[in-house]
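K.L.:
kindly generate the corresponding structure for this input.
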Amino acid sequence: SSQLSSVPLQMLFYINGIYYIFYFLASLALIIYKSQVFSYPDDFLAPDLASLLIMAGFEVLRLYLGSKGNLTEEQAPLGLSLVTTLGSVVFSVYFLVWQTHVLKADVILNTVLLCAYGLEAVLKVTAIAAFVS
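P.N.:
Sure, this is the predicted structure:
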């Protein structure tokens, strides 16, 4: 029997997990910074923080399902991880474009994250195709 799980995908899950910890802490620090330095409407601060926390939940679920699906060579968890990636992409685009104040650091953090999501999605689709055949 041959091994169908993807080593590059598994490595990317690991790297994305580490990067997301950095991303979360940097984004939290940026939100705190922006709330202190800029006029940040009080009714927008809580939704931005809530969005960051919800995104963290999506990220944990996405990485867990993706890693489990890849290592066990099962399509369903990897497919669910692909679906949760779409949710994470929406949150990342929110922080890139629609949040109250977007700094250059936000653009850099979210661009790197979106590139990683894109590469990961391609590898997930490839792995799912290998599992099906």
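K.L.:
now do the helices in the chain.
P.N.:
7-37, 42-72, 75-93, 104-132 (DSSP state H).
K.L.:
tell me the mean pLDDT over the last one?
P.N.:
Right, helix 104-132. Taken as a whole, helix 104-132 has a mean pLDDT of 97.
K.L.:
what of the third one?
P.N.:
For helix 75-93, mean pLDDT is 96.
K.L.:
with the first one instead?
P.N.:
Mean pLDDT, taken over the full extent of helix 7-37, equals 96.
K.L.:
can you check the second one too?
P.N.:
When the per-residue pLDDT values of helix 42-72 are averaged, the result is 95.
K.L.:
could you export the helices of the chain as JSON lines, including mean neighbour count?
P.N.:
In this view, the C-beta of every residue, glycine as well, is placed from N, C-alpha and C. Listed next are the helices of the chain as JSON lines, based on neighbours: other C-beta atoms under 10 Å:
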{"stretch": "helix 7-37", "mean neighbour count": "15"}
{"stretch": "helix 42-72", "mean neighbour count": "17"}
{"stretch": "helix 75-93", "mean neighbour count": "18"}
{"stretch": "helix 104-132", "mean neighbour count": "16"}
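K.L.:
correct me if wrong: Ala76 contacts Lys68.
P.N.:
No. Contact criterion C-beta atoms under 8 Å: Ala76 and Lys68 do not qualify, at 9.8 Å.
K.L.:
starting at the chain centroid, how far to stretch 11-29?
P.N.:
Its chain's average C-alpha position is 8 Å from that of stretch 11-29, according to C-alpha atoms, centre = their mean, to the nearest Å.
K.L.:
may I have it as CSV, with CA atoms only?
P.N.:
Provided in CSV are the C-alpha atoms of stretch 11-29 (Å, rounded to 0.1, in the frame of the first residue of the first chain):
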residue,chain,number,x,y,z
MET,A,11,4.6,21.0,6.7
LEU,A,12,2.4,24.0,5.6
PHE,A,13,-0.1,23.1,8.4
TYR,A,14,2.7,23.3,10.9
ILE,A,15,4.1,26.6,9.5
ASN,A,16,0.6,28.1,9.3
GLY,A,17,0.0,27.2,12.9
ILE,A,18,3.1,29.0,14.0
TYR,A,19,2.4,31.9,11.7
TYR,A,20,-1.2,32.2,13.0
ILE,A,21,0.0,32.5,16.6
PHE,A,22,2.2,35.4,15.5
TYR,A,23,-0.6,36.8,13.3
PHE,A,24,-3.1,36.7,16.2
LEU,A,25,-0.8,38.4,18.7
ALA,A,26,0.3,41.0,16.2
SER,A,27,-3.3,41.8,15.1
LEU,A,28,-4.4,42.0,18.8
ALA,A,29,-1.5,44.4,19.5
